[in-house]
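Asker: kindly return the folded structure for what I paste below:
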Amino acid sequence: MAIAVVILLLVLVSVIFHFASPWWFTPIASNWTAIDDTISITFWITGIVFILVNAFLAFCVFRFRFKKNHRADYEPENKKLEVWLTVITTIGVAAMLAPGLVVWGQFVTVPENAKIFEVVGQQWHWSYRLPGKDGVLGQSAVELISETNPFGLNPDDLNAHDDILIPSNVMHIVIDQPVKVMLRSKDVLHNFAVPQFRVKMDLVPGIETFLWFTPTRLGRFEMLCEELCGMAHYTMRGQIVVDTAQDYQAWLDKQFTFRESLDAPAGDLQLGQSLYASCAVCHGNNAQGNETLNAPMLAGQSAWYLTRQLHYYQNKIRGSNQQDTYGQQMSAMANTLVDAKAIKDVTAYIASLPALAIFPASVNNDSLARSIESGQRLFTNCAYCHGDNAEGRFALNAPRLAGQHAWYLKRQLQHYRASIRGSHREDIYGSQMLLMSRLLQNEQAIDDVIAYISRLTPSLAKQTKKVQPEKVLGLDHKQQEVSQ
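Answerer: Predicted coordinates:
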């Protein structure tokens, strides 16, 4: 009797929790109400079956409970019961599947007036591409991807030249305009999902998949990767902004085409050197950094990373937090570079400087040895993006860490953990680092991982002269050039 009561109570609590639960659908913002209706039909059918089956179970537990001197009847077959169960089950399954098949037919039938844009997924961020005036997306291939061609477009394909490139994680679309979303992956399996639009689809390497929807509500909606795609999968987030036609056009006019990226002039080292003169006051003539002035080492850092940070400073994506004193100073200095050409020139010059290495003190006590050993274990998470030797990886948008001053690395990790850096919604990679930094649970963990990074010597991009230090100054560091 007690077991039967418990079963009925569990059913009652489950039903109440279902209707009273705060975890329900987000407000819909697209044309796919049919998907909600299909899910509701499935819930009602499975819910009724759940109640009936458990009610029957409770009845059987009570009706056929143990009684002394009673014997159970053995009935191996009951054709009437089997027929009823088969018919009812078939009707229930058909009632669940039929609406889904109808909706799926609509889901794969794209309206003729739908606009097209492409979503490109890679570990662990999103980027987008729009067709130009010809209305055709150009050819792309993974083997064509490089620092100057991150989308991997074919420069010999004329259809690709007017393609509009959006290397941000934010995409804009027009309200009430059907859009066909082409999906492409650079590396592994990803999944495009926007809960408010009720759409999701896998991005499969080597295959171009698609979906479509019509946005019906203005606003900014989070885009998620709902396929486990690696260590930082949970940080792979983007945004879809639904605009009016006027706001969308204003945004579109600011974007650039593939042809423009091909025609962009290379950085001028001579002009970059003259522009760097003001940077050298803090960062040093050789970009070696200066702890007294809180200026990090720039030598050895890639031009693409330096360019991104300068744009972030100029646009207040970085350095806008009131607690980031040095970031605010850099924001003011970055704005002395008048245009994108000036940024390209100065970053090209910095990237041309010989990479420097920092030689920490030798390990001469057990405490430091244990710290480095702990840091090596913690760095396993960092190595997925930054490389085994902290050399940085362009493919994962991760900068070089090896050779950087320990005090600067520590301050940045502390800023990430405190949301001083990385909290701006347009700081794509900073927001990922904000989440990853919290894997370091305390100050000791930060010190340990930095102690390990300080002893890494990556292969450098340029051949430089190796000079052994005449004197080791512990963690005060003496900069010396090292060979590849």
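Asker: rest of the way, CA atoms for contacts and neighbours
Answerer: Will do.
Asker: how about residue 26, secondary structure?
Answerer: coil (DSSP: H, G, I helix; E, B strand; the rest coil).
Asker: so what's the residue nearest to it when sequence neighbours are not counted up against?
Answerer: Nearest residue to residue 26 in three dimensions, chain neighbours excluded: residue 196, at 5.8 Å (C-alpha to C-alpha, 6 or more residues apart in numbering). Applying C-alpha atoms under 8 Å, 6 or more residues apart in numbering to residue 196 gives the contacts 26, 27, 28, 29, 30, 221.
Asker: phi, psi for residue 196 please.
Answerer: phi -70, psi -20 (degrees, to the nearest 10).
Asker: could you do residue 293 as well?
Answerer: With angles defined as degrees, to the nearest 10, residue 293 sits at phi -100, psi 10.
Asker: just the one 10 residues further on next, same as before
Answerer: Backbone dihedrals for residue 303, given as degrees, to the nearest 10, come out at phi -60, psi -40.
Asker: that one is in contact with residue 347, isn't it?
Answerer: Yes - between residue 303 and residue 347 there is a contact at 5.2 Å, judged by C-alpha atoms under 8 Å.
Asker: those two: which is more packed in?
Answerer: residue 347 (28 against 22; other C-alpha atoms under 10 Å).
Asker: distance check, that one against residue 48.
Answerer: Remark: distance between residue 347 and residue 48 (C-alpha to C-alpha, to the nearest Å) = 65 Å.
Asker: what ranges do the strands span in the stretch 1-150 of the chain?
Answerer: Secondary structure of the stretch 1-150 of the chain (DSSP state E, counting those that start in this stretch): strands at 115-122, 125-130.
Asker: wait, I meant the stretch 151-300 of the chain
Answerer: All strands of the stretch 151-300 of the chain, identified by DSSP E, counting those that start in this stretch, fall at 164-166, 170-174, 179-185, 190-194, 199-203, 209-213, 219-225, 237-243, 256-257.
Asker: ok, the second one: who's next to it in the sheet?
Answerer: Same thing as strand 170-174. strand 237-243 (parallel) (DSSP bridges).
Asker: same thing with the last one?
Answerer: Each strand that pairs with strand 256-257, with its direction, by DSSP bridges: strand 164-166 (antiparallel).
Asker: buried stuff in the partner strand?
Answerer: 164, 165, 166 (16 or more other C-alpha atoms under 10 Å).
Asker: which ones are touching residue 141?
Answerer: Per C-alpha under 8 Å, 6+ apart, neighbours of residue 141: 152, 153, 154.
Asker: neighbours of the nearest residue to residue 323 once chain neighbours are set aside, how many?
Answerer: Spatially, and ignoring its direct neighbours in sequence, residue 323 is nearest to residue 420 (6.6 Å; C-alpha to C-alpha, 6+ apart). Residue 420: 21 surrounding residues under other C-alpha under 10 Å.
Asker: can you start the count at 4 instead of 1 from here on
Answerer: From this message on, residue numbering opens at 4, which makes the last subject residue 423.
Asker: longest helix in the chain, by number of residues?
Answerer: The longest helix of the chain (DSSP state H) is helix 36-66.
Asker: may I see the buried residues of it?
Answerer: 37, 38, 41, 44, 45, 50, 54, 57, 58, 61, 62, 64.
Asker: closest one to residue 442 out of the residues you listed, please.
Answerer: Nearest to residue 442 out of the buried residues of helix 36-66 is residue 38 (C-alpha to C-alpha; 37.3 Å).
Asker: list the contacts for the closest one?
Answerer: Here residue 38 is in contact with 103, 106, 201 (C-alpha under 8 Å, 6+ apart).
Asker: could you do residue 19 as well?
Answerer: Contacts for residue 19 (C-alpha under 8 Å, 6+ apart) come out as none.
Asker: wait, isn't residue 8 in contact with residue 61?
Answerer: Yes - look at residue 8 against residue 61 with C-alpha under 8 Å: they come within range, at 7.3 Å.
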